[in-house]
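In: I'd like to go over a predicted model; first the sequence, then the structure.
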Amino acid sequence: MCIANGQKAADELGVKLSVIPNAGHINEAAGYTQFSELLTTITNLL
């Protein structure tokens, strides 16, 4: 998904788009196992 499409989806959902530069696949195999910014955002909503 290109950033423009991601921003369009975020706008339609009323949320902030967060981008991880050069992330590629965001999964354990690529080294992504913790998402502290996401956890903080969700915790603040509760």
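Out: Received, thanks.
In: OK, contacts around the residue most central in space within the chain?
Out: Centroid check for the chain by CA atoms, centre = their mean gives residue 18 as the closest residue, at 4.6 Å. Residue 18 makes contact with 37-38, according to CB atoms under 8 Å, 6 or more residues apart in numbering. Every residue, glycine included, has its C-beta placed from N, CA and C.
In: distance check, it against residue 31.
Out: The span separating residue 18 from residue 31 equals 17 Å under the rule CB to CB, to the nearest Å.
In: low-confidence regions, this protein specifically.
Out: The model of the chain has pLDDT under 70 over residues 1.
In: which parts of it are strands?
Out: Counting by DSSP state E, one finds no strands in the chain.
In: quick one: the helices in this protein?
Out: 3-13, 36-45 (DSSP state H).
In: nearest to residue 22, of those?
Out: Comparing these against residue 22 with CB to CB, the closest turns out to be helix 3-13 (12.5 Å).
In: now the residue nearest to the centre of the chain: phi and psi?
Out: When quoted as degrees, to the nearest 10, the phi and psi of residue 18 stand at phi -110, psi 130.
In: residue 15 now?
Out: Torsion angles, degrees, to the nearest 10, at residue 15: phi -130, psi 170.
In: number of nearby residues for it?
Out: Using other CB atoms under 10 Å, residue 15 has 10 other residues around it.
In: how close does it get to residue 45?
Out: Distance of residue 15 to residue 45, computed by CB to CB: 10 Å.
In: same check on residue 25?
Out: Taken as CB to CB, the span from residue 25 to residue 45 is 26 Å.
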